[in-house]
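Colleague: Predicted model and sequence below, questions to follow.
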Amino acid sequence: LAASFAATPSPSSSAPATVSGAGISVAVYNGTLTKGLAAKAAARLRESGFTVPSVATARSQDHTTTLVEYGPGEQDRARKVAALFPDARLQAGTAAGLSLVLGQSYGTTPAPAASEKARSADDNPCSNLTFG
């Protein structure tokens, strides 16, 4: 998106939100030197129903914070994107469309909360192992 942005913090939470991205298109850019980060974020967006028309490297790879850049009238859609990336900040621009520029903070965001990966005490991960 074009320059002249005003950054604002996005809503944050300790665990990624459940969001429906149906009908929302987001371009994803890796703003870090961490390989595969944009593909990981694109997969996360697609799992929530977003359309990801492009995945590429950002103009610079020195972003520390993840940005959701949005055009006029698209702040609500940008908030939906930001809900999946708790470390993200919203940034208004003058060009139409939504872009997600990943910063180093996304690459270091903790894994999902334990409750999202939890298993009961009755689940024995070794129950189906055989030795022979």
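Modeller: Perfect, I can see it now. This one's a predicted model, so the numbers in the text were calculated from it and none came from an experiment.
Colleague: separation between Ser105 and Ala82?
Modeller: Separation of Ser105 from Ala82 (C-beta to C-beta, to the nearest Å) stands at 13 Å. (Glycine included, C-beta is placed from N, CA and C.)
Colleague: quick one, which of these two is more surrounded?
Modeller: Neighbours per residue (other C-beta atoms under 10 Å) separate Ser105 from Ala82, with Ala82 holding more: 26 against 17.
Colleague: okay but that one is in contact with Asp76, surely?
Modeller: No. Counting by C-beta atoms under 8 Å, Ala82 does not reach Asp76; the two are 10.7 Å apart.
Colleague: who touches both of these two?
Modeller: The overlap between the contact sets of Ala82 and Asp76 (C-beta atoms under 8 Å, 6 or more residues apart in numbering) is empty.
Colleague: Which stretches in the protein count as strands?
Modeller: Secondary structure of the chain, counting by DSSP state E: strands at 6-9, 27-30, 55-57, 67-70, 89-92, 98-102.
Colleague: what's the closest of those strands to Gly49?
Modeller: The minimum distance between Gly49 and the strands of the chain falls on strand 98-102, with 13.9 Å, by C-beta to C-beta.
Colleague: Can you spell out which helices and strands pack onto the closest one?
Modeller: On a contact count with 3 or more C-beta pairs under 8 Å, 6 or more residues apart in numbering; DSSP states H and E, strand 98-102 meets strand 27-30, helix 37-47, strand 67-70, helix 75-83.
Colleague: okay, it in CSV with CA atoms only?
Modeller: Extracted as CSV, the C-alpha positions of strand 98-102 are listed here (Å, rounded to 0.1, in the frame of the first residue of the first chain):
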residue,chain,number,x,y,z
LEU,A,98,-5.3,-5.2,2.6
SER,A,99,-1.7,-6.2,3.2
LEU,A,100,-0.2,-8.2,6.0
VAL,A,101,3.5,-7.3,6.5
LEU,A,102,5.0,-9.8,9.0
